[in-house]
Structure formats: C-alpha cells, structure tokens
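Visitor: Give me a model of this one.
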Amino acid sequence: MRDATLLDALILGVVEGLTEFLPVSSTGHLILAGDLLGVSGDRGNVFYVAIQTGAMLAVLWEYRARFLKVDPLLWRNLALAFMPAAVLGLLFGAYIKSYLFKPVPVALAFIVGGLVILWVERGPRAARIATVDTMSPLDAFKVGLAQCFALIPGTSRSGATIIGGMLFGLSRRAATEFSFFLAVPTLIAAGGYDLWSHRNLFSAADLPLFSVGGTAAFVSAFVVIRWLVRYVATHDFRPFAWYRIAFGLVVLATA
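Guide: Numbering: from 1, shown residues only. Alright, predicted model coming up:
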C-alpha cells in the first residue's frame, strides 16, 4: 500500500458521499476504489470508515430542525435500532475486516444484495407504517436487526435498512428517512471506534486527508439525500439492484 494523497482523499470522499445513502454499499465501493488507487490495508480501511462522518453530518444538516427538536420517541427508536449491529460489530468486526474487506467477497455481496432487492420489489407491497413518527419500538428493533447484514462489506447499510424496513411494513419514504436517521449514531460509533482503535497508525500530518475526504463526502452526500427523497416518491429500487448485479459481475470477472 502507498500513502494516500489529497487527490485520493477527494476521490474517496466523493465515492463515499455518493454511495452512503443509496442501496449500493459505500464500503464496497470504497474498498474497490481504494484497491484501484492503491490505498488499502489497515490505514485505508480506517480512512474509509472515518470519512463516513462527513456523510453523517450531511444528514444532520438536512434534518437539523428535526434533530434540534429533540424528539424522545425518535431517539428511543434510533437507540433500539443501533444496538444489534453495535454488539455484533464489536464481537466480529476484526474478523470481518481481516477476511471480507477484499474485492471478491464484496462483489459476491453486491450480487446477492441485488437479487434480494429484486425479490422484495417483485410486486406491490402494502405499507402499514407511513411515517417515521408512527414506528413502534419493535419496528425500530427489527430494522436494527436488518442493519446487521451491512456488517458484510458490499451488502450496503442503507440497502439493508431500507429494504428491511419495507419488508417489515414501512413505506418506501419512511424506510428511507429512518435509514438516514440511523446513519447518525451508526457512523459516529463506527468512525470513532475505528479511529481510536487504530490511532497509532495516524498522526497530525494526516489531518488534511481526513478534512478533504470528509468535506467531499459531506457535499456529495447532501446532494444524494435531497435527490433520493424525491426519487422514492415515484420510483422503486430495481435500477439499483441491476446496477449491483452488473457491477459485481464485472468485479468478479476482473478480480
């Protein structure tokens, strides 16, 4: 692995922001992009997780009125949804990074995830939960269980929570918005834990890399968030499924 440059950080930040909230796996794209750029290994993996904070800040900015209102029901549901992946991540995170943060496992996860999306979108689905405000604690916990699949790189955190939410009765918009909100505690915890655990790999000289990557992730994620809310009002996720399958097959053919 070579050291990342500011251009690498910019490219990876844009990749992160564009893919974090779409059901296409930001981590999978970052692993593959980093592999092409020659930025990989432990430092690269930590960098990928850390710049997700920029995308998370885009959610906080776009929904700042909602978060500043300090809705106790929303925070309760977010806490319940956050717990399952947090526990499993602590138990198996090191194993996952050692064996699954590689192009071939990521490509396979892309393909499987695409097939799951096609299965869920195979026909009209009645929603019993129209908005995030009407979710019960059990609804939130079940979405949290779905998020656990995103520990496998290439699965997609957004894809797991949105498609899982739809399977559990959330409307397309409610599942999408709850996925945005759930990104806040999830990405803060993941980024903070990884940076602290691997703090010996970095120094103050790396701050420009994180600043450029995080800023690029913020700007590109902000654009995607606004676009995706409008998109789900009139479209389903099948185009993303076909993209995942095609992309995964290309990676398998060239790996």
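Visitor: Could you find the closest non-adjacent residue to Arg238?
Guide: Once flanking residues are discounted, Arg238 sits nearest to Glu121: 5.1 Å by C-beta to C-beta, 6 or more residues apart in numbering. Glycine gets a C-beta too; all of them are placed from N, C-alpha and C.
Visitor: Lys102 too?
Guide: Ile31 (7.3 Å).
Visitor: again with Leu37
Guide: Setting aside the residues directly before and after it, Leu37 is nearest to Asp8 in space (C-beta to C-beta, 6+ apart), at 5.2 Å.
Visitor: what residues are up against that neighbour?
Guide: Counting by C-beta atoms under 8 Å, 6 or more residues apart in numbering, Asp8 touches Leu37, Val39, Leu209.
Visitor: got it, and Phe210?
Guide: Ala9, Phe47, Ala50, Ile51.
Visitor: From Pro239, how far off is it?
Guide: 33 Å (C-beta to C-beta, to the nearest Å).
Visitor: Could you dump the contacts of Phe210 into JSON lines and include pLDDT?
Guide: Converted to JSON lines, these look like this (pLDDT from 0 to 100):
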{"residue": "Ala9", "pLDDT": "92"}
{"residue": "Phe47", "pLDDT": "82"}
{"residue": "Ala50", "pLDDT": "82"}
{"residue": "Ile51", "pLDDT": "87"}
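Visitor: Of those, which is the nearest to Ala174?
Guide: Ala174 lies nearest to Ile51 out of these, by C-beta to C-beta, at 27.8 Å.
Visitor: can you pull the contacts of the closest residue to the closest one other than its chain neighbours?
Guide: Using C-beta to C-beta, 6+ apart and skipping the chain neighbours, the partner closest in space to Ile51 is Gly213 (3.9 Å). Each residue near Gly213 by C-beta under 8 Å, 6+ apart is listed here: Ala9, Leu10, Leu12, Gly13, Glu16, Phe47, Ala50, Ile51, Gly54.
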